[in-house]
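*Asks:* compute the structure for the input listed below.
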Amino acid sequence: MRKSRGFEGELIIEIPKVATSHCEQLPLISQLFISRMGYYPKALHHYYQRPNGISQAIILYCTDGQGWIELNGSTSQVHAGEVFVLPVDVPHSYGADPQNPWSIYWLHINGALCGAAATTVMNRDDEPFRAIQVGFSDERNALFTHIAHTLLKGYSASNLLQANLALPHYLSSFIAPEYFGSQKASASDASPTERAISYMQANLSSSLSLDNIARSVNLSVSFFSRKFKKDTGYAPIEYFNYLRIQKACQLLHFSTWRINEVASAIGIDDPFYFSRLFKQQMGLSPVHYRKNKGIDRQ
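*Replies:* A predicted model of the protein is given here:
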């Protein structure tokens, strides 16, 4: 026995075509919006097949039990605490485990950015076919409930905006689960990249080297550099300099320190180098940055 719906306690919200067309006309959400969403608890016999795929990305977030997804001829298991995003226009099927059926939150997302959203959530170029462990979060589930309750009130422009502007925040709970609820990482289980960033933040007044930072997380320079760049998109020293200039901006805003004192506070002894670095990042010199904010003291 297989079925696509009809589970006790289920929630299904079908967004009518007139409302999705309205979403396409609202600039703030026209690139990414919800077309269907729901929740299936203990979905015994759940099964769905789309031989030609679908022109939307589908988010499946499992909170209990387990299930499976078949994509491109390969089958992946999905367990509690994992998310999988089915890409646009790819044939697929999926279903609940018969002995331990999953409970899933699901959304269909549309718009020009739905493919990019799917890729970003999965974020596994080297391992494209497996569910991503994101754990459990009351905040994530509360966001889903907020979106659903907003849409259940009707499809006015304000409701569509409120629900769909919350969608990127919901997606971010899968992209960076460590910032959400029970997933917030303690110092002991933080990743090397997170520990390195904490080390940088604690040493903004120092002139750190790449070797200093790598040693702080007990990794070789080469391995650490590759991992940090993969995790953040930046080289470690480049990232550290962004943090230092960010701190310099705060000091220029909220202190009356001279420019060379601000530079020294972020570990740069040469005020001319500081000015060049600041202008490279912010597009104007520290003096003009401060002047534009109404504080003009050198």
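
*Asks:* how about residue 68: which residues does it bridge to?
*Replies:* According to DSSP bridges, residue 77, residue 95 are recorded as the beta-bridge partners of residue 68.

*Asks:* any idea how far residue 86 is from it?
*Replies:* Here the criterion is C-beta to C-beta, to the nearest Å. By it, residue 68 lies 13 Å from residue 86. C-beta here means a position set from N, CA and C on the backbone, and glycine is covered the same way.

*Asks:* next: residue 196.
*Replies:* For residue 196, the distance to residue 86 under the criterion C-beta to C-beta works out to 34 Å.

*Asks:* these two - which one has more neighbours?
*Replies:* Higher neighbour count among residue 196 and residue 86: residue 196, with 24 against 21, using other C-beta atoms under 10 Å.

*Asks:* hang on, the earlier thing: what do residue 68 and residue 86 both touch?
*Replies:* residue 94 (C-beta atoms under 8 Å, 6 or more residues apart in numbering).

*Asks:* list the contacts for residue 240?
*Replies:* With contact set as C-beta under 8 Å, 6+ apart, residue 240 has these partners: 200, 208, 213.

*Asks:* the same query, at a cut-off of 7 Å, please.
*Replies:* Applying C-beta atoms under 7 Å, 6 or more residues apart in numbering, we find residue 240 in contact with 200, 208.

*Asks:* distance of it relative to residue 216?
*Replies:* Residue 240 sits 12 Å away from residue 216, taking C-beta to C-beta as the criterion.

*Asks:* the stretch 51-200 of the chain: strands as residue ranges?
*Replies:* In the stretch 51-200 of the chain, the segments counted as strands under DSSP state E, counting those that start in this stretch are 57-64, 66-71, 74-79, 82-86, 92-96, 103-110, 132-133.

*Asks:* make CSV from those strands and add mean pLDDT to it.
*Replies:* Written out in CSV, the entries for these read as follows (pLDDT from 0 to 100):
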stretch, mean pLDDT
strand 57-64, 97
strand 66-71, 95
strand 74-79, 93
strand 82-86, 95
strand 92-96, 96
strand 103-110, 97
strand 132-133, 92
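
*Asks:* nearest to residue 288 among those strands would be which one?
*Replies:* Distances from residue 288 to each of the strands of the stretch 51-200 of the chain were compared by C-beta to C-beta, and the smallest falls on strand 103-110, at 42.5 Å.

*Asks:* now do the closest one against strand 57-64, angle only.
*Replies:* Interaxial angle, strand 103-110 versus strand 57-64 (axes from the mean of the first three to the mean of the last three C-alpha atoms, to 10 degrees): 170 degrees.

*Asks:* which helices and strands does strand 103-110 pack with?
*Replies:* Of the remaining helices and strands, those touching strand 103-110 by 3 or more C-beta pairs under 7 Å, 6 or more residues apart in numbering; DSSP states H and E are strand 33-40, strand 57-64.

*Asks:* which neighbours does the helix or strand following the first one have in its sheet, and in what orientation?
*Replies:* If I follow you right, that is strand 33-40. Past strand 33-40, heading to the C-terminal end, the next element that is a helix or strand (DSSP states H and E) is strand 47-50. Paired neighbours of strand 47-50 in the sheet (DSSP bridges): strand 92-96 (antiparallel).
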